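1. structure of the sequence below:
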Amino acid sequence: MGLDTVEFLLYAEKEFNIKISDEEAGEIYTIGQFSRLCHSKLQLNQGSSIDEEQVFLKLKQILHKHFLSADTEIKREHLIVKDLGLE
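-> You can find the predicted model right below:
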């Protein structure tokens, strides 16, 4: 996992006030998987009413703000373990 990917995970942890273990991070391959993980942690830890689509949109905002140009298309199936190459 590259530095950009680690930073992305840290931004998401801060944004959602959640913790992601190294083991969980090692099992994340796509933006969609990460979105579902964040959503499930929000539900378990905080009983949040935010839905998974809102989590996905927030993750896209984080990516656009810190790593990618605003016009870069981000899909759920895009890989994040390629250091945000979004393949």
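
2. from now on I want contacts and neighbour counts done on CA atoms only, so please keep to that.
-> Noted.

3. check contacts around residue 33.
-> residue 76 (CA atoms under 8 Å, 6 or more residues apart in numbering).

4. ok, so what distance separates it from residue 25?
-> Counting by CA to CA, to the nearest Å, the separation of residue 33 from residue 25 is 10 Å.

5. try residue 32
-> According to CA to CA, residue 32 stands 13 Å off from residue 25.

6. so which of the two has more stuff around it?
-> Using other CA atoms under 10 Å as the criterion, residue 32 and residue 25 rank with residue 32 on top: 22 against 16.

7. wait, that one touches residue 77, no?
-> Yes. Using CA atoms under 8 Å, residue 32 makes contact with residue 77 at a distance of 6.0 Å.

8. what packs against the strand or helix carrying residue 61?
-> If you go by DSSP states H and E, residue 61 is part of helix 52-66. With contacts taken as 3 or more CA pairs under 8 Å, 6 or more residues apart in numbering; DSSP states H and E, helix 52-66 sits against helix 3-16, helix 31-46.
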